[in-house]
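> for reference, the sequence and a predicted model appear below.
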Amino acid sequence: IIDLGALKMSIQVATEEAEKKLEGFGNSTEQQGSKLKSFGKAAGTLAVAGVTALAAAAGATAVKSVQAYDNMTQGLNDFSAQTGISADASNEWGGVLQSIYSQNYGDDFRDIGDAIATVAQQARDTDPSNIEQLTINCLALRDTFDYDVGESMRSANMLMDQFGMSGDEAFNLIAQGAQNGLDKNGDMLDSINEYSVHFAQLGLDAEDMFNMMANGAENGTFSVDKLGDAVKEFGIRVKDGTADNAFKELGMDVEATKQAFASGGDAAKSALQDVTAKLFEMQDPVEQNQLGVELFGTMWEDLGASGVQALMDMNGEMDRTSDSMNQIKDIKYDSLSEGLAGLGRVATTSVLIPLGEQLVPLLEQFVQYIYDNMPQIQATVSSVMSAVTSVIGAVAPVVQLLIDAISALVTAAQTEGTAFNVVWQLISLTFSSA
């Protein structure tokens, strides 16, 4: 037999418990919903902030890209203008310009463009890759020794022409000369340009010339130019016959000696060594001085016997195959700041410039659109400004009224006036201004 009363009581208790659980679930759901709502607001705020930040970053990157591309174009235009190479043809040189820049040479694209143009004008080579290497060497010498790019290139050309060496070999010797004090008076490059031909005519090679000048400079000679001039004077006197008597007095066959010098190469070099060896073997300083003047002219007097003897010493460590330029580059540009600058330049050439190249045509179209539609744009802007001016004119009196009222209130409060006087002044001011 079912106890209906007990059943009813059990159902009622179960129902109440269910209602409490449902109510708790509802409260919990509402709380979670509130949390979700708050999270949604926060996420929305973060999303807006993120989009804004990305937009700002994208905008800044776009601006930098356009600027980088424009700077590179200016450098290429400088190169084209200075070399006469047309803009279309000069595009193949854009890679050279960017390559030098990314390797951290030069101040900026325009500086590099000027340097490439200077080298290309003087070099006996039209291969862009060779011009790139020559330009890098010139810029490295400029950064290290403050040598002008044009002066360095002229000297390198002279060495290449007179001694049949490569550009890298020529720059290696120039670097070694600078490191060994040949430029103590700032005349080494000029001396190379002026006297290389005279050393070569006597059968001497580039290493001989640099070793001779280094030994003469080490001996205390004031100027490298004097050393080169002594060799020049000797060559002139051999050719014009002024040295004939000296050859005879030194016990040498005059015609055979002159023929050896005329032959050049090893024969001339051997003859020079024979003549100077016999000259410095002389025991009588007066006789030696007389023959020295006959052979070297006034340079013998300027340098003295010891100076000329040091000059004629061809032994030394100058070596065209030495990796002097690369060693300079490794040391000169080996620092944290240089490394970071190099990374920035790589990013410029690999990311910013290609992006700028895509954006510039779009900007050019936009600018052209502005030019083409300038009358309509001006009319629209004028109408907008007129409307704004009208609004400002209508609002101005109201704003001024409020300013006057507030000013009066402040003045009254700062004086002895009571609240009644303050109110009365405001009312009076309001009606008098109406």
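That came through fine.

> now the helix or strand where residue 190 lies: buried residues?
Taking DSSP states H and E as the definition, residue 190 sits inside helix 188-201. Residues of helix 188-201 classed as buried by neighbour count (16 or more other Cβ atoms under 10 Å): 188-193, 195-196, 198-201. All C-beta atoms are positioned from the backbone trio N, CA, C, and that covers glycine.

> repeat for stretch 151-170
Counting neighbours by 16+ other Cβ under 10 Å, one finds that the buried residues in stretch 151-170 are 151-160, 162-163, 165, 167-170.

> take those and keep only those in helices.
Under the assignment DSSP state H, the buried residues of stretch 151-170 contribute 151-160, 162-163, 167-170 to helices.

> picking that back up, just put the buried residues of helix 188-201 in TSV and tack on pLDDT and distance to residue 211.
Shown next, in TSV, are those (pLDDT from 0 to 100; distance: Cβ to Cβ, whole Å):
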residue	pLDDT	distance to residue 211
188	95	14
189	96	18
190	96	19
191	96	14
192	97	14
193	96	19
195	97	14
196	97	14
198	96	16
199	96	11
200	96	15
201	95	18
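
> hmm, back to that, now, which of the ones in helices among the buried residues of stretch 151-170 sits nearest residue 259?
residue 162 (22.1 Å; Cβ to Cβ).

> quick one, what contacts residue 279?
Contacts for residue 279 (Cβ atoms under 8 Å, 6 or more residues apart in numbering) come out as 246, 250, 288, 291-292, 295.

> please enumerate the helices of the stretch 201-350 of the chain.
206-218, 224-240, 244-249, 254-263, 265-281, 285-296, 298-311, 324-332, 336-347 (DSSP state H, counting those that start in this stretch).

> give the other helices and strands that the third one contacts.
Just to be clear, that refers to helix 244-249. The contact analysis (3 or more Cβ pairs under 8 Å, 6 or more residues apart in numbering; DSSP states H and E) places helix 244-249 against helix 254-263, helix 265-281, helix 285-296.

> which among those helices is found nearest to residue 68?
Among the helices and strands packed on helix 244-249, helix 265-281 comes nearest to residue 68, with 53.1 Å by Cβ to Cβ.

> the inter-axis angle of the closest one versus helix 254-263?
If you take axes from the mean of the first three to the mean of the last three Cα atoms, to 10 degrees, helix 265-281 sits at 130 degrees to helix 254-263.

> next one: helix 265-281 to chain centre, how far?
What separates the centre of helix 265-281 from the centre of its chain is 48 Å, taken as Cα atoms, centre = their mean, to the nearest Å.

> ditto for stretch 253-270
Using Cα atoms, centre = their mean, the offset of stretch 253-270 from its chain centre is 50 Å.

> could you export that stretch as PDB, CA atoms only?
The C-alpha trace of stretch 253-270 is given here as PDB (Å, rounded to 0.1, in the frame of the first residue of the first chain):
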ATOM      1  CA  ASP A 253     131.600  49.800 -70.600                       C
ATOM      2  CA  VAL A 254     129.600  52.900 -71.400                       C
ATOM      3  CA  GLU A 255     127.800  51.600 -74.500                       C
ATOM      4  CA  ALA A 256     127.000  48.200 -73.000                       C
ATOM      5  CA  THR A 257     125.700  49.900 -69.900                       C
ATOM      6  CA  LYS A 258     123.500  52.300 -71.900                       C
ATOM      7  CA  GLN A 259     122.200  49.400 -74.000                       C
ATOM      8  CA  ALA A 260     121.300  47.400 -70.900                       C
ATOM      9  CA  PHE A 261     119.300  50.400 -69.600                       C
ATOM     10  CA  ALA A 262     117.600  50.800 -73.000                       C
ATOM     11  CA  SER A 263     116.600  47.200 -73.000                       C
ATOM     12  CA  GLY A 264     114.700  47.500 -69.700                       C
ATOM     13  CA  GLY A 265     113.600  44.600 -67.700                       C
ATOM     14  CA  ASP A 266     116.100  42.400 -65.900                       C
ATOM     15  CA  ALA A 267     119.000  43.800 -67.900                       C
ATOM     16  CA  ALA A 268     118.200  47.400 -66.800                       C
ATOM     17  CA  LYS A 269     117.700  46.300 -63.200                       C
ATOM     18  CA  SER A 270     121.100  44.400 -63.200                       C
END
